[in-house]
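Undergrad: only geometry, no sequence info:
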């Protein structure tokens, strides 16, 4: 039956999962969702994800949503395939991966998401960007990136010396940030910049990012 | 050496971790942090959590922050002790736990947190509550709770028939929410209400919630 992923190739959350699947070298089917037609907000999609969001992963009888639950599921189920994204052989390393996975979810994402939305999404759905929201988020993101700069001056990747889920989860939103006027937040911090250049050059993500384009509608 | 938790007993994120430790019946040392004196924003606390937040868990050489990383770590390390919070014996059930853990983090918490901030924290720091923020958050939370109501009409707990980390991670914020004028969002949804009454009366959480009081400073 195999893995089926419902989503879109330019969606940040879908690409988080796609990157994970490619890091693991897994076969899967990508089923496009008619987002602009609102397919994700209607049955039968709502039976897959009652919150009406992409992506959704189907693996046999199992239906999963929330991109970070999906990547963690993949990283665990296929822990012995491809890249070890969770450092499962070492309890302490695995624990530190958990911490930085949560840091992305709780510190980084809430700061970066509004910037990406205001700069790249709002204009494409006929809304005016809110500069106040952007400015507040830029300040928050700067504070978070100061912590990352200090961390990455001590370790090559966020959770230690190896690329893990913690780094992977940052890829898609950061890719879009680098297309806004606020890329300097990353560029101006040497360790963050080096980390970004390293993780965004990984073949799995390069494969995914080629399709990360917003077309004007 | 044992487990050490740094935090304050009325902090919702600290309480999340304490509830987990009690569910597992684990011994630990609680180290109060001088929160109102700003201890968490200064060295040496910043060496434990560079984001300057409580709680922090120390387990031997390991220092962890982000409450959901900590509860995830405890639930996994002590998987064979006390309540099975992650359904580790069944791959599919464990995957569904992951989904609803992420739902709490990505859907529920962002909707409920601003309400608590406006109702409890803002007055404490001498500012006026912003009713617009409260109203927007109530609408978001109502939508999330509609999904929960439908879900909990099919399963006893969020991830299935057993209490898991997915339910536990909701306890502390919801406890405070029930002390606001907006408790009706829970009370008016029969399955959500029944779920709340069940999970909040678990002895582990009762032990924690007796210390969850905001004192005016």
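TA: It's in. For clarity, every value in this text was computed on a predicted model and none was experimentally measured.

Undergrad: Determine the number of other residues adjacent to the closest residue to residue B:164 other than its chain neighbours.
TA: If the residues on either side of it in the chain are set aside, residue B:164 comes closest to residue B:97, at 4.8 Å by Cβ to Cβ, 6 or more residues apart in numbering or on different chains. In this view, the C-beta of every residue, glycine as well, is placed from N, C-alpha and C. Residue B:97 has 27 neighbours, counted by other Cβ atoms under 10 Å in any protein chain shown.

Undergrad: what residues are up against residue B:97?
TA: The contact partners of residue B:97, taken as Cβ atoms under 8 Å, 6 or more residues apart in numbering or on different chains, are B:85-87, B:159-160, B:164-166.

Undergrad: mind redoing it with 10 Å?
TA: By Cβ atoms under 10 Å, 6 or more residues apart in numbering or on different chains, the contact list for residue B:97 reads A:69, B:75, B:84-88, B:90, B:157-160, B:162, B:164-167.

Undergrad: hmm, the helix or strand of chain B with the lowest mean pLDDT touching chain A?
TA: Sorting the helices and strands of chain B by mean pLDDT, DSSP states H and E puts helix B:122-124 at the bottom, at a mean of 91. No. Helix B:122-124 lies apart from chain A when judged by Cβ under 10 Å from any Cβ of the partner chain; the minimum separation is 17.0 Å.

Undergrad: Can you point out the buried residues in that helix?
TA: Within helix B:122-124, no residue counts as buried by 16 or more other Cβ atoms under 10 Å in any protein chain shown.

Undergrad: same for that helix, what does it pack against?
TA: Of the remaining helices and strands, none touches helix B:122-124 by 3 or more Cβ pairs under 10 Å, 6 or more residues apart in numbering or on different chains; DSSP states H and E.

Undergrad: now for the following helix or strand past it, which elements pack on it?
TA: With elements assigned by DSSP states H and E, the helix or strand that comes after helix B:122-124 is helix B:131-152. If you count contacts as 3+ Cβ pairs under 10 Å, 6+ apart, helix B:131-152 packs onto helix B:91-103, helix B:109-116, helix B:184-187, helix B:190-200.

Undergrad: Export those as TSV, with columns for distance to residue A:179 and mean pLDDT.
TA: Below are these laid out as TSV (distance: least, Cβ to Cβ, whole Å; pLDDT from 0 to 100):
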stretch	distance to residue A:179	mean pLDDT
helix B:91-103	27	97
helix B:109-116	25	98
helix B:184-187	39	98
helix B:190-200	41	98
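
Undergrad: which of those helices sits most buried?
TA: Of all those, helix B:91-103 carries the top mean neighbour count, a mean of 22, counting by mean count of other Cβ atoms under 10 Å in any protein chain shown.

Undergrad: Give the residue spans of chain A that score low on pLDDT.
TA: A:1, A:214-217 (pLDDT under 70).

Undergrad: Show me where it has its strands.
TA: Under the criterion DSSP state E, strands of chain A are mapped to A:3-7, A:28-32, A:56-59, A:62-65.

Undergrad: Tabulate those strands in CSV, adding columns for distance to chain B and mean neighbour count.
TA: Shown next, in CSV, are these (distance: least, Cβ to the nearest Cβ, whole Å; neighbours: other Cβ atoms under 10 Å in any protein chain shown):
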stretch, distance to chain B, mean neighbour count
strand A:3-7, 13, 21
strand A:28-32, 16, 15
strand A:56-59, 8, 22
strand A:62-65, 5, 20
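
Undergrad: In JSON lines, list the ones you listed along with distance to residue B:10.
TA: Below are these laid out as JSON lines (distance: least, Cβ to Cβ, whole Å):
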{"stretch": "strand A:3-7", "distance to residue B:10": "41"}
{"stretch": "strand A:28-32", "distance to residue B:10": "46"}
{"stretch": "strand A:56-59", "distance to residue B:10": "38"}
{"stretch": "strand A:62-65", "distance to residue B:10": "33"}
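
Undergrad: Ok, which of those strands comes nearest residue A:208?
TA: strand A:28-32 (10.6 Å; Cβ to Cβ).
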